[in-house]
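Participant: Here is my input, please return the structure:
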Amino acid sequence: MSNRRTGTTRAAQAAQTRQRLVDTAIDLFSDRHYDDVAVTDIAKGAGVAHGLLFHYFGNKRGIYLAAMREAATQMDAAFVIDPALAPAQQMRHAFAAHLQYLADHRGLALRRVLTGSRDDPEAWEVFQSARSRALDRAAAVLGIDAANPAWVMMGRAAVAAIDEASMYWLNNREQFDKATMVECFVTIVTSALKGAHALDADLNVDAAIEAFDGEDGAGFHISTSRAKVRTDGQP
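Facilitator: Numbering: from 1, shown residues only. From the prediction side, this is the model:
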C-alpha cells in the first residue's frame, strides 16, 4: 500500500511539473517569437530543472506543440454551449465566452490563435481542429447538418470573418463593447446560413435564422465598463 501511495504521489507531482512547464510555455510563446524563447527560459519560468523539459517533451518543438494543444483545449472549453438556453442564446453566450477568452489571452490570440501559426502548418492545424469542433457544435445547436458541403464552406467563411473581426477588435483597443461584438458575430453567422441556403436550396436554414431574428439579443447581457464605442483614445 505504501509503495502504491508513493507511486501515486510521484505521478501527481510529475503531472503538476509537466503542467507548469506547459503553462509557462504558453505564456512565453504568447509574448515572443518562437525563436526568441529558449528552453532555459521555460524551465526557469516553471521553476524546474531544464532537463525535465527534455524528459517530458523531447525538445523545444515538443513543448511548443504541447503548449499549442493545451491552448486549443482551453479555447475549446471557452466556447461553452449551455443546453439550458434557447439555441440563439446558446450561440450568443458561446461567442461571449470565446471573445472573453481572446481578450484575456491577447498575446496568444494575436500571435498564435488568429494569425501567428499560419507559417507553421502543424501548429496552425491544432487551432483549425478547435475551430472545426466549434463549428460542429454550432451546427448541432442550429439544427444544421454539420457535414453538408454548403454549410461547411459558409461555416468556414463565417469563422474566418469572426477571426478577422476579433483580430481587428484586439488590435484597436477593443473599441466596441463585447455585447456589440457578439451581435456582430450573430450577423456573420446569419449571413453564412443564408449563403449556405443559396448554395444548396434543400438546406433548410429558416428555423435557425428565425431563432436569431426572433430573440434579437433579448435577455443577453455582458458585464463591461467600456462604452459602446470609445472616442477618448483611452484603453
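
Participant: Could you use CA atoms for every contact and neighbour count after this?
Facilitator: Will do.

Participant: In this structure residue 63 contacts residue 22, no?
Facilitator: Yes. The pair residue 63 and residue 22 qualifies as a contact (CA atoms under 8 Å) at a distance of 6.8 Å.

Participant: Neighbour count for the two, which is higher?
Facilitator: Comparing residue 63 with residue 22 by other CA atoms under 10 Å, the one with more neighbours is residue 22, at 26 against 22.

Participant: what about the longest helix in the chain?
Facilitator: helix 2-31 (DSSP state H).

Participant: mind checking how far the residue most central in space within the chain is from residue 123?
Facilitator: Among the residues of the chain, the one closest to the centroid is residue 75, at 3.4 Å (CA atoms, centre = their mean). Distance, residue 75 to residue 123, using CA to CA, to the nearest Å: 14 Å.

Participant: Also residue 109?
Facilitator: Applying CA to CA, the value for residue 109 to residue 123 is 13 Å.

Participant: same thing with residue 64?
Facilitator: Residue 64 is 9 Å from residue 123, by CA to CA.

Participant: got it, and residue 131?
Facilitator: For residue 131, the distance to residue 123 equals 13 Å [CA to CA].

Participant: Now stretch 28-46: buried residues?
Facilitator: For stretch 28-46, a neighbour-count test (16 or more other CA atoms under 10 Å) marks 28-31, 37, 39, 42-43, 45-46 as buried.

Participant: Kindly format the C-alpha coordinates of that stretch as PDB.
Facilitator: The C-alpha coordinates for stretch 28-46 follow below in PDB (Å, rounded to 0.1, in the frame of the first residue of the first chain):
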ATOM      1  CA  LEU A  28       6.300  32.800 -23.200                       C
ATOM      2  CA  PHE A  29       5.200  31.800 -26.800                       C
ATOM      3  CA  SER A  30       2.300  34.200 -26.500                       C
ATOM      4  CA  ASP A  31       4.700  37.100 -25.800                       C
ATOM      5  CA  ARG A  32       7.600  36.300 -28.000                       C
ATOM      6  CA  HIS A  33       8.500  34.900 -31.400                       C
ATOM      7  CA  TYR A  34       9.300  31.200 -31.400                       C
ATOM      8  CA  ASP A  35      13.000  31.700 -32.000                       C
ATOM      9  CA  ASP A  36      13.200  34.200 -29.100                       C
ATOM     10  CA  VAL A  37      12.100  31.600 -26.500                       C
ATOM     11  CA  ALA A  38      14.800  29.400 -25.100                       C
ATOM     12  CA  VAL A  39      14.300  26.100 -23.300                       C
ATOM     13  CA  THR A  40      16.100  27.600 -20.300                       C
ATOM     14  CA  ASP A  41      13.500  30.400 -20.200                       C
ATOM     15  CA  ILE A  42      10.700  27.900 -20.000                       C
ATOM     16  CA  ALA A  43      12.400  25.800 -17.300                       C
ATOM     17  CA  LYS A  44      13.300  28.800 -15.300                       C
ATOM     18  CA  GLY A  45       9.800  30.300 -15.500                       C
ATOM     19  CA  ALA A  46       8.300  27.000 -14.400                       C
END
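
Participant: So what touches it?
Facilitator: The contact list for stretch 28-46 (CA atoms under 8 Å, 6 or more residues apart in numbering) reads 17, 20-21, 24-25, 49-50, 53, 59-60, 64, 107-109, 111-112.

Participant: Where does pLDDT dip in the protein?
Facilitator: Low-confidence segments of the chain, defined by pLDDT under 70, are located at 1-7, 116-118, 215-235.

Participant: Great, nothing more from me.
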